[in-house]
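**Q** With the input below, show me the fold.
(one chain, ligands or ions: 1)
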Amino acid sequence: MTAPHTAQILTGPPAAEALLKETAERAARLARTPHLSIVRLGEDPASVSYVAGKDAKAKATGLSSAVHALPAETTQADLLALIGQLNADPQVNGILVQLPLPRHIDEEEVLLALDPDKDVDGFHPVNVGRLWTGHPASVPCTPQGVMYLLRHYGVEVSGKRAVVVGRSNIVGRPMAGLLLGAHATVTVAHSRTRDLGAVTREAELLVVAVGQAHFITPDLVRPGAVVIDVGINRVERAGKKPRLLGDVHPDVAGVASALTPVPGGVGPLTIAQLLANTVAAAERQAVGQPAGRTSGRP
Ligand SMILES: Nc1nc2c(c(=O)[nH]1)N[C@@H](CN(C=O)c1ccc(C(=O)N[C@@H](CCC(=O)O)C(=O)O)cc1)CN2
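**A** Numbering: from 1, shown residues only. Reported below is the predicted structural model:
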């Protein structure tokens, strides 16, 4: 009798540690310690925890960082004024505004106000354009972290059929741009895709970021595919900590050749990549080179 097939589990922490080590070495080579300014509004527990993690990891990696924790009722004008100050401050190399923002804030206007060369989240349309035209850019941390994880585990991307499920600005769209830049043949599936299974079963590399627990079931996966689960769905439980579930059903391990877990897969790469983006921004600023002005075509 043969043992049932089970996928290789691509865990995030070893890849994140490797990226943090590289980032610390690069930071130490700079004449001035790179500085990251983190802006948070309100007390959303997940945002408080992610921001604390970013601040602590930045310091542990040899960067300097400061958290601007503003009340939830901060006005749009006050938030824009703070961003203006950080943009103008030559000591600040990277700025990020933790999302989601309170409902009264116009998120698009806030992201547009960031200096694109300090926008270490890569959300500014200038950085989106740089990514899609193959110029050096800050790229959103989670999809950039996925690329690092794939390289860390030796997963070949060039020439592969890749399907990204989800088209958010934070994950799906930049993920598609990065995979295309790495020479994959890329399809983006979304809520209006007809016959989703016919599309996802084509994928040798399947990246899922839809925000619905266990949305991808084994019947939607090509045997032997590499499956990257970007979902983090919090399922509340009475009297207990919420459970974190991915977008991919665990039974997919019986079909895929490799699979990222949730938690402990892509998530840890997000913060490591943010620090790598901050150091890269500081390196470009040190030589007076705006991100998009050199040829970085793949
Ligand atoms: N300005 C930004 N806002 C948000 C981003 C972002 O990249 N920039 N991404 C997410 C939240 N996020 C970082 O900000 C983030 C999400 C998840 C993790 C992570 O390590 N997840 C762990 C589980 C942690 C837990 O217990 O909650 C995992 O998946 O193993 C880190 C950072 C939205 N906002």
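**Q** Contact partners for the spatially most central residue of the chain?
**A** Nearest to the geometric centre of the chain sits Thr142, at 1.2 Å (Cα atoms, centre = their mean). If you count contacts by Cβ atoms under 8 Å, 6 or more residues apart in numbering, Thr142 has them with 170-171, 209, 230, 266, 269-270, 273. In short, each C-beta sits where N, CA and C put it, glycine included.
**Q** Also near the ligand: which of those, exactly?
**A** Residues of the contacts of Thr142 in contact with the ligand (Cβ under 6 Å from any ligand atom): Thr270.
**Q** Now tabulate the contacts of Thr142 in CSV and tack on pLDDT.
**A** CSV is the format used below for those (pLDDT from 0 to 100):
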residue, pLDDT
Ile170, 96
Val171, 98
Ala209, 98
Val230, 98
Val266, 98
Leu269, 98
Thr270, 98
Gln273, 98
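**Q** Kindly indicate which of the contacts of Thr142 lies nearest the ligand.
**A** Among the contacts of Thr142, Thr270 lies closest to the ligand (Cβ to the nearest ligand atom), at 4.0 Å.
**Q** The closest one: neighbouring residues, count only.
**A** When counting by other Cβ atoms under 10 Å, one arrives at 24 neighbours for Thr270.
**Q** May I have the residues that are in contact with it?
**A** Contacts of Thr270 by Cβ under 8 Å, 6+ apart are 141-142, 145.
**Q** Also Gly53?
**A** Applying Cβ under 8 Å, 6+ apart, the residues near Gly53 are Ile271.
**Q** re earlier: keep only the contacts of Thr270 that also lie close to the ligand.
**A** Among these, the residues within reach of the ligand (Cβ under 6 Å from any ligand atom) are 141-142.
**Q** Make a markdown table out of the contacts of Thr270 and add distance to Val255 and pLDDT.
**A** A markdown table is the format used below for the contacts of Thr270 (distance: Cβ to Cβ, whole Å; pLDDT from 0 to 100):
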| residue | distance to Val255 | pLDDT |
| --- | --- | --- |
| Cys141 | 29 | 98 |
| Thr142 | 24 | 98 |
| Gly145 | 24 | 98 |
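**Q** could the contacts of Thr270 go into JSON lines alongside secondary structure and distance to Thr193?
**A** As requested, these are arranged in JSON lines below (DSSP: H, G, I helix; E, B strand; the rest coil; distance: Cβ to Cβ, whole Å):
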{"residue": "Cys141", "secondary structure": "helix", "distance to Thr193": "26"}
{"residue": "Thr142", "secondary structure": "helix", "distance to Thr193": "21"}
{"residue": "Gly145", "secondary structure": "helix", "distance to Thr193": "25"}
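**Q** quick check, nearest of the contacts of Thr270 to the ligand?
**A** Cys141 (4.5 Å).
**Q** looking at it, the closest one is touching Gly122, isn't it?
**A** Yes: under the criterion of Cβ atoms under 8 Å, Cys141 makes contact with Gly122 at 7.5 Å.
**Q** Report the set of residues contacting both of those two.
**A** Contacts common to Cys141 and Gly122, judged by Cβ under 8 Å, 6+ apart, are Asn277.
**Q** picking that back up, among the contacts of Thr142, which are in helices?
**A** Of the positions in the contacts of Thr142, 269-270, 273 sit in helices, assigned by DSSP state H.
**Q** distance between the ends of stretch 68-79?
**A** One end of stretch 68-79 sits 10 Å from the other (Cα to Cα, to the nearest Å).
**Q** Does it reach the ligand?
**A** No: shown here: stretch 68-79 not in contact with the ligand (Cβ under 6 Å from any ligand atom), separated by at least 13.0 Å.
**Q** mean confidence for that stretch?
**A** Taken as a whole, stretch 68-79 carries a mean pLDDT of 98.
**Q** Stretch 235-243 now?
**A** Mean per-residue pLDDT for stretch 235-243: 91.
**Q** and that stretch, how far out from the chain's middle?
**A** Centroid separation between stretch 235-243 and its chain, computed with Cα atoms, centre = their mean, to the nearest Å, is 25 Å.
**Q** Could you give me the buried positions within it?
**A** Along stretch 235-243, no position meets the burial threshold by neighbour count (16 or more other Cβ atoms under 10 Å).
**Q** residues touching Ala253, list them.
**A** For Ala253, the contacting residues are 6-7, 9, 259, by Cβ under 8 Å, 6+ apart.
**Q** Just the buried ones out of these, please.
**A** Listed as buried from the contacts of Ala253 are 7, 259; burial here means 16+ other Cβ under 10 Å.
**Q** can you tell me which of the contacts of Ala253 lies nearest to the ligand?
**A** Using Cβ to the nearest ligand atom, Ile9 comes nearest to the ligand of those, at 12.7 Å.
**Q** For the closest residue to the ligand within the chain, give its distance to Ala281.
**A** When distances are taken as Cβ to the nearest ligand atom, the chain reaches nearest to the ligand at Gly267, 2.1 Å away. Applying Cβ to Cβ, to the nearest Å, the value for Gly267 to Ala281 is 22 Å.
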